[in-house]
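A.B. asks: kindly return the folded structure for what I paste below:
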Amino acid sequence: MNAYARLRRPDGARYAAIDGERAKLLDRAPWRGGTPTGEVVPFTPAELDCPVEPTKILCVGRNYAAHAAELGNAVPASPLWFSKPPSSLLSPGGSVRLPPESERVEHEGELAIVIGKRVRRIAAASALECVFGYTIACDVTARDLQKSDGQWTRAKGFDTFCPVGPFVVVGADPSALGIRVSVNGTERQNGNTRQMVFGIADLIAHASGMMTLEPGDLILTGTPEGVGPLLDGDRCRVEIDGLGALEFVVQRE
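C.D. replies: Numbering: from 1, shown residues only. Predicted coordinates for the structure are as follows:
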């Protein structure tokens with residue numbers, strides 16, 4: 001498997017192929033055909049930026065039956081879509097800001113798909129061909145606003161409500177990856193992608209039927225049961241087998 005990152009450099013953000021503690025800088029995003037420039041640099045976790053710059057962030061709700069049940073909801077007959085704006089993206093190690101409009105903000109650790117080529121109305125049988133790789137995301141949600149608003153744009157869309165990273169991994173098998181979320185060292189969520197109601201290929205095919213997917217676009221695939229509150233001062237860690245761990249802190253806005 002290969003891993004890619006986006007690094008904060010003196011000359012601006014740069015994409016890189018990761019080789020242990022070294023980074024091989026690329027001339028553009030790898031899903032846009034980026035090639036090595038010949039520059040090889042050391043890096044630290046503090047230099048890791050959000051690894052994607054999507055035109056859109058699509059998310060599927062209630063894609064794990066146990067999570068749907070814990071919130072008192074039925075499993076949908078087809079993928080239940082919503083979106084988060086790119087302005088909600090947060091880099092690894094960043095701070096999720098709790099907005100004053102909400103009294104209940106929760107974590108939802110998720111596997112995220114990074115699209116590798118432009119596609120529209122692709123069949124499920126061919127859908128995995130348009131995947132570049134996978135990364136880790138947290139669909140931070142203002143649960144009280146989700147319930148009161150009915151639709152989910154505000155509850156899901158606040159700035160910093162989509163931590164992503166630290167890497168985009170190519171070559172991972174998404175069919176049976178463990179997903180674990182801990183807050184302040186205490187485990188909250190522990191699930192596996194094999195529990196998904198709708199699999200990766202079906203999600204991509206369904207999403208591409210409603211809109212064109214572009215290279216670098218992000219699809220969040222749903223969260224297992226165990227979601228819970230995030231409070232001022234919390235430290236959250238989302239770990240997925242083979243993809244590493246995404247960490248962020250929480251602070252009141």
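A.B. asks: need the contact partners of the lowest-mean-pLDDT helix or strand in the chain.
C.D. replies: Within the chain, no helix or strand scores below helix 65-70, which has a mean of 93 by mean pLDDT, DSSP states H and E. Outside helix 65-70, the residues that touch it by C-beta atoms under 8 Å, 6 or more residues apart in numbering are Arg62, Ala74, Val75, Gly191, Gln195, Val197, Gly222, Thr223, Pro224, Glu225, Gly226, Val227. Bear in mind the C-beta positions are built from the backbone N, C-alpha and C, glycine included.
A.B. asks: let me see the ranges of the helices in the stretch 151-253 of the chain.
C.D. replies: Secondary structure of the stretch 151-253 of the chain (DSSP state H, counting those that start in this stretch): helices at 153-157, 200-208.
A.B. asks: isn't there a strand covering Ala13?
C.D. replies: Yes. Remark: Ala13 belongs to a strand, assigned using DSSP: H, G, I helix; E, B strand; the rest coil.
A.B. asks: what sits against it?
C.D. replies: Contacts of Ala13 (C-beta under 8 Å, 6+ apart): Arg6, Leu7, Asp49.
A.B. asks: Gly109 now?
C.D. replies: By C-beta under 8 Å, 6+ apart, the residues touching Gly109 are Ile136, Ala137, Cys138, Ile179, Arg180, Val181, Gln189, Thr223, Pro224, Val238, Ile240.
A.B. asks: same list (those residues) but as TSV, adding pLDDT, neighbour count and distance to Glu101.
C.D. replies: What follows is these, written out as TSV (pLDDT from 0 to 100; neighbours: other C-beta atoms under 10 Å; distance: C-beta to C-beta, whole Å):
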residue	pLDDT	neighbour count	distance to Glu101
Ile136	99	28	27
Ala137	99	30	22
Cys138	99	27	19
Ile179	98	25	28
Arg180	98	19	30
Val181	98	26	24
Gln189	98	23	25
Thr223	98	29	22
Pro224	97	25	27
Val238	98	28	24
Ile240	98	26	30
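A.B. asks: just give me the closest of these to Ser102.
C.D. replies: The nearest member of these to Ser102, counting by C-beta to C-beta, is Cys138 at 15.8 Å.
A.B. asks: what is the neighbour count of the spatially closest residue to the closest one that is not a sequence neighbour?
C.D. replies: Leaving out its chain neighbours, the residue that sits closest to Cys138 by C-beta to C-beta, 6 or more residues apart in numbering is Pro163, at 4.6 Å. By the criterion of other C-beta atoms under 10 Å, Pro163 has 28 neighbours.
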